[in-house]
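Asks: here are the coordinates; sequence isn't available:
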């Protein structure tokens, strides 16, 4: 292969000697006020950048006020250094760690723009490109070069640039897709082989792993996913290993995606467009991932104005966009780009994907956020975004919000429901504060109850899936502080007969004051379980079961109710069996219950459980005392 490259290079040098001049000569084309584009992320042409800095260092008056465009930098960014401020002014479409301080100190610029729109800015000359410094693969026999792991906005920058300077690198893989340029379109070329930059995110911690598990509950077999970068997205991808027939249409290709492709989890077999292809715009990962990309027809690398185009994304059925945020307020507005007035990253492609997915048939948007920042001292779920924060996603962009404490579904919910859902997945130590702030803002009921501390925390340990004798699958879980709407629907679905049998009352009305008694509970004194069934994205409460502890006898009073349209399917039995399991695990000795004499189905459920039952009859009601064997 190297011999073939040498032959092709020899031929090109003979045919285009003017393109293989010393790099210093190529840099003489940079004039005062020039706009210089530098390739993206791990595809950054490190040699060209270092040579450019060396050139400026030895020729400090060669040019002034050149504007350097970058969408993302992982390598060094010396052009943002204060000692070169007369030569360069950095302007980024997305802020990385190496340029963040310079931007926030006013020594560099940030251009907020949806990433999908950047190529059009180049084409129309709104953001002109005079010089493009990019890295490519070695040329093939036809004179084509691959932009390899960074197609994104690089191809459009090359097409728009007045002068194109390339670094041909044997380490750059040849990617399939739309990332090819021809040597005829290159002005200057240098051959320099060096290892590509690698992106090595931190390994997922416990918080990331819990977030990943929650996201995996939303992603279904056959979905097409988009994910970002970092330890949490890696944890999410790791949690998807038991899924089947996933597809990928993403801005970014990561190690985690490649690992799922190699494991057969991602096969792109159910995509409605680009079937069989993992579609991405650029790659940041390890060398093994770059080798996997090389000449792989299963990976399609395309410009960002295709991958991130909301109209393209909307054509993909069951598209799931998974992104992260720095902060979200109780109404569902979020920022991923700034912490107050401090710029952190950028608009990027998050809104492109989230808004395209909203238009997708079966599409779901998922925003992941760690519940706290600054080592647990700050809540990322806040009453209102910090002053100066950029609103990356509006209240209408989100379906799901996921933290390590659970899942909040916001789509179609009113502000009160949103606030309670987000409070329910906030860090428990910040929940009392959020409740009080939400009351001040009139987001929730003024009399909203809340039990702080461990007594009021949601019991994730009680979550379990069960099947009834009729093969109906149920999700049993403890009630949450935001379950009032579910409980309201359950109650008003009950017939008068079911209400009378459950409450031994002809109650017709279940107001907020009464409903919250069922979902704001003291875990040390009672257990309240919901049995839910999911249809699409909708959870329906089909049964409610509970027990309250009698401390003096170390038993508990038990009761449950099943929706009329779900009765006679074994749900009551499943609910009582699970309540019994929990009670026995907690060391309780048995149950008590009050059951109408005419409520034979309920009596039958109790009798077949194998309890030692003592019953007393009074005014048409059986008072049952049921000891565990």
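Replies: Thanks, I have it. None of the values given here were measured: they were computed from a predicted structure.
Asks: Going by C-alpha atoms from here, please, whenever you check contacts or count neighbours.
Replies: Noted.
Asks: and this protein, what are its domains?
Replies: 2-191, 206-448, 456-627 (automatic domain parsing).
Asks: so how far is the shortest one off the chain centroid?
Replies: Spelled out, it's domain 456-627. Taking C-alpha atoms, centre = their mean, to the nearest Å, one finds the center of domain 456-627 at 35 Å from the center of the full chain.
Asks: how long is that domain end to end?
Replies: With C-alpha to C-alpha, to the nearest Å as the measure, domain 456-627 spans 28 Å from end to end.
Asks: what sits up against the helix or strand containing residue 209?
Replies: Assigned by DSSP states H and E, residue 209 belongs to helix 206-216. By C-alpha atoms under 8 Å, 6 or more residues apart in numbering, the residues outside helix 206-216 that reach it are 231-233, 235-240, 366, 368, 370, 402-407.
Asks: go with 7 Å
Replies: 231-232, 235-236, 239-240, 402-404, 406-407 (C-alpha atoms under 7 Å, 6 or more residues apart in numbering).
Asks: State the mean pLDDT of it.
Replies: The predicted model assigns helix 206-216 a mean pLDDT of 95.
Asks: Farthest pair within the contacts of helix 206-216?
Replies: 231 and 407 (19.1 Å; C-alpha to C-alpha).
Asks: In terms of packing, which of these two has more residues around it?
Replies: Set side by side, residue 231 and residue 407 show more neighbours around residue 407, with 22 against 18, by other C-alpha atoms under 10 Å.
Asks: for that one, what are its contacts?
Replies: With contacts defined as C-alpha under 7 Å, 6+ apart, the neighbours of residue 407 are 214, 400-401, 425.
Asks: Could you rerun that using 6 Å?
Replies: residue 401 (C-alpha atoms under 6 Å, 6 or more residues apart in numbering).
Asks: burial measure for residue 535, as a count.
Replies: Neighbour tally, residue 535, other C-alpha under 10 Å: 8.
Asks: 21 is where my numbering starts, stick with that
Replies: Okay, using 21 as the starting number, the last item reads as residue 555.
Asks: For it, grab phi and psi.
Replies: phi -120, psi 110 (degrees, to the nearest 10).
Asks: Quick check: bridge partners of it?
Replies: Listed by DSSP bridges, the beta-bridge partners for residue 555 are residue 558.
Asks: cool, and residue 641?
Replies: residue 616, residue 638.
Asks: Also the one 5 residues further on?
Replies: Judged by DSSP bridges, the bridge partners of residue 646 are residue 611, residue 633.
Asks: okay but it is in contact with residue 636, surely?
Replies: No: Residue 646 is beyond contact range of residue 636, at 11.6 Å (criterion: C-alpha atoms under 6 Å).
Asks: Between these two, which is the more surrounded one?
Replies: Neighbour count, other C-alpha under 10 Å: between residue 646 and residue 636, residue 646 has more, with 23 against 10.
Asks: mind showing which ranges of this protein have poor pLDDT?
Replies: Counting by pLDDT under 70, the chain contains low-confidence ranges at 21-23, 95-97, 100, 557.
Asks: in the stretch 321-470 of the chain, which spans are strands?
Replies: 339-344, 347-349, 354-355, 358-359, 362-363, 384-388, 392-393, 398-399, 401-402, 420-423, 426-429 (DSSP state E, counting those that start in this stretch).
Asks: Would you mind telling me which of those strands is nearest residue 169?
Replies: Across the strands of the stretch 321-470 of the chain, closest to residue 169 is strand 339-344 (C-alpha to C-alpha), at 21.3 Å.
Asks: and the closest one, what does it pack onto?
Replies: If contacts are counted by 3 or more C-alpha pairs under 6 Å, 6 or more residues apart in numbering; DSSP states H and E, strand 339-344 sits against strand 244-246, strand 384-388.
Asks: go again using 8 Å as the cut-off
Replies: strand 244-246, helix 370-378, strand 384-388 (3 or more C-alpha pairs under 8 Å, 6 or more residues apart in numbering; DSSP states H and E).
Asks: Show the contacting residues for the spatially closest residue to residue 384 that is not a sequence neighbour.
Replies: Nearest residue to residue 384 in three dimensions, chain neighbours excluded: residue 340, at 4.8 Å (C-alpha to C-alpha, 6 or more residues apart in numbering). Counting by C-alpha under 8 Å, 6+ apart, residue 340 makes contact with 239, 243-246, 377, 383-386.
Asks: before we move on, back to that, now render the strands of the stretch 321-470 of the chain as a markdown table, adding distance to residue 123.
Replies: Below are the strands of the stretch 321-470 of the chain laid out as a markdown table (distance: least, C-alpha to C-alpha, whole Å):
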| stretch | distance to residue 123 |
| --- | --- |
| strand 339-344 | 22 |
| strand 347-349 | 20 |
| strand 354-355 | 18 |
| strand 358-359 | 12 |
| strand 362-363 | 8 |
| strand 384-388 | 26 |
| strand 392-393 | 22 |
| strand 398-399 | 24 |
| strand 401-402 | 26 |
| strand 420-423 | 30 |
| strand 426-429 | 34 |
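Asks: All set, thanks.
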